[in-house]
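can you look at this prediction? I've put the sequence above it.
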Amino acid sequence: MAGWASNKELVREEFKQATEEGKEPDAVEALRSEWEAAGNNDDLHAALHEKLLALPVRLDFPFQEPSDLGGIRTLRPVGPRRLPLKLNDSELQDKLYGAWLGRCAGCALGKPVESLMVTPNVVGNSWERQKKYLTAISADEWPLRDYFPEHSPAENETGSLLWGGGSVRERIAFMESDDDIRYTVLGQIILEKFGAGFSSSHVAGIWFDRLGYRYFCTAETQAYRNFVIRGDQFRDTLSLEKGREVDASSDWPWFTHHLNPYREWIGAQIRIDSYGYAAPGNLELAAEFAWRDARISHVKNGIYGAMFCAAMISASFATNNVHSIVDAALAEIPATSRLAADLRHTIGICKKHGFDPANFEAVFIDLHNALGHYHAVHTNNNACLCAAALLLSGGDFHRGITLAVMGGWDTDCNGATVGSIVGAITGGRNAPQHWVGRLNDTLNSFVVEYHPIAISECARRSFSIAKKILLEAPYSGAK
């Protein structure tokens, strides 16, 4: 057993992953008979996974997708890299508070309906299920205007709200623990402890120190397991130099690939908000921070989604123009990647519909038609939905988080990511009380020293980090 899935299930996912990353479909499918014949034999499935990993990318694959930082930067388009940050200390702290509030509110909004994307034997995708769930209560419930009610007359058709019971309309009183928020906390701990010079091995070490295995999912579960298999060196990364030594000696491709078919899923993308908060206006540095974190569990587009979102968050402290935010962040990932192509297509869809929030359903239909072939928690479709929600929102807090959630797929992740951006644009003082008031400035994270904690205190700590990093020379030693 590897993590929460059997080796058999991991190989099932690897067939799809191998095809998506450009391996010859016929060569991939030729191995399926071995998978079927292996039954539940973990050793046979592990060997088969290695065979799938060894298949070459086909010669006519139209994308170039490196995972090393140098390769990524070589293939980026021209971009601003930094945007002027014209904020005094009070304004920066308020924007950081807004970002934390937005992340929490967006996550809480999407948390109860995350289960709708995986409800079996239900017709329709997750955005359509949300609409049916709400309109069965009242036509006025759609578009989304409030946190989700716990029950609906339609839940036998749509599926019930299985997760996030503390975030439903009837009970919400704080930000309940969630992986999207725990990773934001971990990012802050990493930055407080190691500053701008943190290394990838520091990220792994903080995972060991601060979270139990049961709090990890998909790619993070597999990476954590692989760290344990290959030794405990990550536990010893207690200094900057030790962390860099471990970075240099670590077999990152093995950690990210071994029995890890989830390596391009959304996990890295939801871990990076504190890096955007730490480098306001410095998109390149925020993206590098995200790369150092993402590469311990993800490759290629799984890394690019993290870099793209970190850069968007960074940009949101320097400009309120959502088009500039998306365009500048897109310049931090390879123009030759699937994610860049999908994002360009997404921008085209939004443009076709006039960037008009009134046309949100038409945008959702086009996005799901174009990107529905990805798993519901893949990086690419969810990153594109975040970009679309932001572009349609115009930077408005309410529209941003509701559009991100209504679009379906990984609802709490997308609500949280877009929440960080529109929250930074709006600021804490102007954040709508309808959404943030019911959180009572309280976060329960299950992370030591952050359970419970005031959301405003998290923002204060982010401010201290950002002020320090604005004065530090960035570390770019890892390749």
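Okay, I see it.

I'd assumed residue 111 was in contact with residue 416.
No: Residue 416 sits out of contact with residue 111 when judged by Cβ atoms under 8 Å, with a separation of 9.0 Å. The way it works is simple: take the backbone N, C-alpha and C, and place the C-beta from them, glycine included.

for those two, indicate the residue with more neighbours.
The neighbour comparison of residue 416 against residue 111 (other Cβ atoms under 10 Å) goes to residue 416, with 33 against 30.

got the contact list for that one?
Applying Cβ atoms under 8 Å, 6 or more residues apart in numbering to residue 416 gives the contacts 103-104, 106-107, 110, 180-181, 270, 273.

for these, pick the one with the most neighbours.
Per-residue neighbour counts (other Cβ under 10 Å) across these peak at residue 110, which has 34 neighbours.

circling back: nearest to residue 302, of the contacts of residue 416?
Closest to residue 302 out of the contacts of residue 416 is residue 270 (11.2 Å), distances taken as Cβ to Cβ.

pretty sure that closest one contacts residue 178?
No: taking contact to mean Cβ under 8 Å, the distance of 9.5 Å between residue 270 and residue 178 leaves them out of contact.

put the alpha carbons of the helix or strand hosting residue 324 into CSV.
With elements delineated by DSSP states H and E, residue 324 resides in helix 322-330, which encompasses its position. Presented in CSV, the C-alpha positions along helix 322-330 are these (Å, rounded to 0.1, in the frame of the first residue of the first chain):
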residue,chain,number,x,y,z
VAL,A,322,-6.9,42.0,-13.3
HIS,A,323,-5.8,41.7,-16.9
SER,A,324,-2.3,43.0,-15.9
ILE,A,325,-2.2,40.5,-13.1
VAL,A,326,-3.0,37.5,-15.3
ASP,A,327,-0.8,38.6,-18.1
ALA,A,328,2.2,39.3,-15.9
ALA,A,329,1.9,36.0,-14.0
LEU,A,330,1.6,34.1,-17.3
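
now the angle between helix 322-330 and the following helix or strand past that helix, please.
Once the chain leaves helix 322-330, the next helix or strand it forms, by DSSP H and E, is helix 338-352. Taking axes from the mean of the first three to the mean of the last three Cα atoms, to 10 degrees, one finds that helix 338-352 is oriented at 170 degrees with respect to helix 322-330.

so what's the closest residue in space to residue 218 that isn't next to it in sequence up against?
On the basis of Cβ to Cβ, 6 or more residues apart in numbering, the spatially nearest residue to residue 218 that is not a chain neighbour turns out to be residue 262, at 3.9 Å. Contact partners of residue 262, counting by Cβ under 8 Å, 6+ apart, are 13, 17, 218-219, 222.

repeat that for 10 Å
Residues near residue 262 by Cβ atoms under 10 Å, 6 or more residues apart in numbering: 3, 5, 10, 13-14, 17, 217-223, 297-298, 302, 375, 377-378.

now do residue 313
Per Cβ under 10 Å, 6+ apart, neighbours of residue 313: 99, 103, 272-280, 283, 286, 290, 325, 329, 417-418, 420-421, 423-424.

how about residue 217?
With contacts defined as Cβ under 10 Å, 6+ apart, the neighbours of residue 217 are 3-4, 179, 262, 265-267, 377.

go again with 8 Å.
Remark: with contacts taken as Cβ under 8 Å, 6+ apart, residue 217 is in contact with 4, 179, 267.

break the chain down into its structural domains.
Recorded structural domains for the chain (assignment: automatic domain parsing) are 7-54, 69-112+175-469.

how about the nearest residue to residue 82, chain neighbours excluded?
For residue 82, the spatially nearest residue (Cβ to Cβ, 6+ apart) is residue 282, at 5.2 Å.

please apply the same query to residue 375.
In space, not counting the residues next to it along the chain, residue 375 is nearest to residue 265; the distance is 6.7 Å by Cβ to Cβ, 6+ apart.

wait, the one you found sits on residue 376?
No: taking contact to mean Cβ under 8 Å, the distance of 9.6 Å between residue 265 and residue 376 leaves them out of contact.

higher neighbour count, the two?
Looking at residue 265 and residue 376 with other Cβ under 10 Å, you find the greater number of neighbours at residue 265, namely 29 against 19.

how near is that one to residue 372?
Separation of residue 265 from residue 372 (Cβ to Cβ, to the nearest Å): 15 Å.

need the contact partners of the helix or strand bottoming out on mean pLDDT in the chain.
Least confident helix or strand, the chain: helix 240-249 with a mean of 78, by mean pLDDT, DSSP states H and E. Applying Cβ under 8 Å, 6+ apart, the external contacts of helix 240-249 come out as 194-195, 197-202, 205, 233-234, 236-237, 477-478.

for residue 223, see how far away the residue lying closest to residue 251 once chain neighbours are set aside is.
If you skip the residues right next to it in sequence, residue 251 has residue 230 as its closest partner in space, 7.2 Å away by Cβ to Cβ, 6+ apart. Between residue 230 and residue 223 the distance, using Cβ to Cβ, works out to 11 Å.

so which of those two has more stuff around it?
Applying other Cβ under 10 Å to residue 230 and residue 223 shows that residue 223 carries more neighbours, namely 27 against 14.

with only the CA atoms kept, save the host helix or strand of the more buried one in CSV.
Of the helices and strands defined by DSSP H and E, residue 223 is found in helix 218-230. Extracted in CSV, the C-alpha atoms of helix 218-230 (Å, rounded to 0.1, in the frame of the first residue of the first chain):
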residue,chain,number,x,y,z
THR,A,218,-2.5,12.7,-3.5
ALA,A,219,0.9,14.0,-4.6
GLU,A,220,1.9,15.2,-1.1
THR,A,221,1.0,11.8,0.3
GLN,A,222,3.2,10.1,-2.2
ALA,A,223,6.1,12.5,-1.8
TYR,A,224,6.0,12.3,2.0
ARG,A,225,6.1,8.5,1.8
ASN,A,226,9.0,8.7,-0.6
PHE,A,227,10.9,11.0,1.8
VAL,A,228,10.5,8.4,4.5
ILE,A,229,11.7,5.6,2.2
ARG,A,230,14.8,7.4,1.2
